[in-house]
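**Q** sharing a sequence plus its predicted fold:
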Amino acid sequence: MLTRALIVVLAILNLGVACWWLLRDAPQKPAPPPQAPGVAELRWVPGGVDAAAAAEAAAAAAPTAPLMEREPAEKTAVAATPAPVVPAKPEATSVAATAKPVTPPAPTPTPAPEKPETPPAAAAEPPRCVALGPFADRAAATSAQGKAGNVISQVRLREQPAASGSARYRVLLPAAANREEAQATVKRIVAAGLSDYYIISQGEDINAVALGQYRNREGAERRMAAVQAAGFQPRLVASGDAGQWWLEGQLAAGTPPAQAQQRSGAAQSRSLECARLR
């Protein structure tokens, strides 16, 4: 029973397919693609005869005309046919309009050239100071200073007292002609505000006015400067054992002490602390 039902169903299906096949519409040919503007369309010539072969056959069949000389035809200007303008595609325009501007890549910074390393400067040589001498008097020390020249700077003349300690320095005003003139000079000294004075009453300096006696020359020279500032002209008189004079100063850079000693004519050269010159 089941087999008969299947056979009936298959028969009905075959019949339906046959009716659809007979009654369906003929299939339509696909539409040709759109032709680009300005391009000629190619068409098939029925008959299968080549155009070039047909042209040769037609020329062979035509009667041959006698050759005749002809005047050259006037040249005619042929106007150039402008090529058709192809309109821009709207799609390309829209794409160009919506395209984002391309940002140029940022320039890569060029590294700065490395500076050559500067070698460390050599340590400056510390200043050296010397004492040159001894000289018999101040004039000899001053002469030695001129001979030394620029090999020594910050020069100072210093007197070293004698070892016995008997040297004395007196500040005197020139001797007056008599006692009355010496007393008149004393009144002028008092009026100038000076003190520590007396009139010498005997010896080779009689009627001279003494303004002080000192054990070192520095003190005597300071007294002389004060008296000169008051308007007087004193003189310095040394007595006892004479001291020695030394020339003290700072050596020029690169100058050995022996060179300075040789140029100044000193007998000795002693090292000296430069702080003593300040």
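**A** On my side now, so go ahead. Numbers count the residues shown, from 1 in each chain.

**Q** contacts and neighbour counts: CA atoms only from here.
**A** Noted.

**Q** show me where the protein has helices.
**A** If DSSP state H is used as the criterion, the helices of the chain fall at 2-23, 51-61, 90-98, 138-148, 179-191, 217-229, 257-264.

**Q** and those, which one's lowest on average pLDDT?
**A** Mean pLDDT is lowest for helix 90-98 among the helices of the chain, at a mean of 43.

**Q** which regions of the stretch 151-278 of the chain sit below the pLDDT cut-off?
**A** Residue ranges of the stretch 151-278 of the chain with pLDDT under 70: 162-166, 240-242.

**Q** 80 - rerun?
**A** Along the stretch 151-278 of the chain, the parts satisfying pLDDT under 80 run over 161-167, 239-243, 278.

**Q** present the helices of the chain as JSON lines; the columns should include distance to Tyr198.
**A** JSON lines is the format used below for the helices of the chain (distance: least, C-alpha to C-alpha, whole Å):
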{"stretch": "helix 2-23", "distance to Tyr198": "169"}
{"stretch": "helix 51-61", "distance to Tyr198": "160"}
{"stretch": "helix 90-98", "distance to Tyr198": "120"}
{"stretch": "helix 138-148", "distance to Tyr198": "28"}
{"stretch": "helix 179-191", "distance to Tyr198": "8"}
{"stretch": "helix 217-229", "distance to Tyr198": "14"}
{"stretch": "helix 257-264", "distance to Tyr198": "42"}
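
**Q** what's the closest of those to Pro127?
**A** In terms of C-alpha to C-alpha, the element of these nearest to Pro127 is helix 257-264, at 11.9 Å.

**Q** and the closest one, what's buried?
**A** If you call a residue buried by 16 or more other C-alpha atoms under 10 Å, then helix 257-264 has these buried ones: 257, 260-261, 264.

**Q** separation between Gly203 and Asn178?
**A** Look at Gly203 and Asn178: by C-alpha to C-alpha, to the nearest Å, they are 14 Å apart.

**Q** which of the two has more neighbours?
**A** Neighbours per residue (other C-alpha atoms under 10 Å) separate Gly203 from Asn178, with Asn178 holding more: 11 against 8.

**Q** how about the more buried one, phi and psi?
**A** phi -150, psi -180 (degrees, to the nearest 10).

**Q** for it, which non-adjacent residue is spatially closest?
**A** Excluding the flanking residues, the one nearest Asn178 by C-alpha to C-alpha, 6 or more residues apart in numbering is Asn207, at 6.3 Å.

**Q** shouldn't that neighbour be in contact with Ile200?
**A** Yes: Asn207 sits in contact with Ile200 when judged by C-alpha atoms under 8 Å, with a separation of 5.3 Å.

**Q** so which of the helices of the chain gets nearest Gln244?
**A** Gln244 lies closest to helix 138-148 among the helices of the chain, at 8.7 Å (C-alpha to C-alpha).

**Q** what comes up buried for the closest one?
**A** Within helix 138-148, the residues that count as buried by 16+ other C-alpha under 10 Å are 138, 140-142, 144-145, 148.

**Q** likewise for stretch 150-170?
**A** Result for stretch 150-170 [16+ other C-alpha under 10 Å]: buried residues 151-152, 155-159, 161, 167-170.

**Q** take those and lay them out in a markdown table including distance to Ile12.
**A** Output for these, formatted as a markdown table (distance: C-alpha to C-alpha, whole Å):
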| residue | distance to Ile12 |
| --- | --- |
| Val151 | 141 |
| Ile152 | 142 |
| Val155 | 145 |
| Arg156 | 147 |
| Leu157 | 151 |
| Arg158 | 152 |
| Glu159 | 156 |
| Pro161 | 160 |
| Ala167 | 166 |
| Arg168 | 167 |
| Tyr169 | 165 |
| Arg170 | 168 |
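
**Q** now, those residues that are in strands?
**A** When the buried residues of stretch 150-170 are checked against strands (DSSP state E), the matches are 152, 155-159, 168-170.

**Q** re the thing from before, of all the buried residues of helix 257-264, which comes closest to Gln228?
**A** Ser264 (31.8 Å).

**Q** and that closest one, how far is that from Leu277?
**A** In terms of C-alpha to C-alpha, Ser264 sits 19 Å off from Leu277.

**Q** what does Ala253 give?
**A** Look at Ala253 and Leu277: by C-alpha to C-alpha, they are 17 Å apart.
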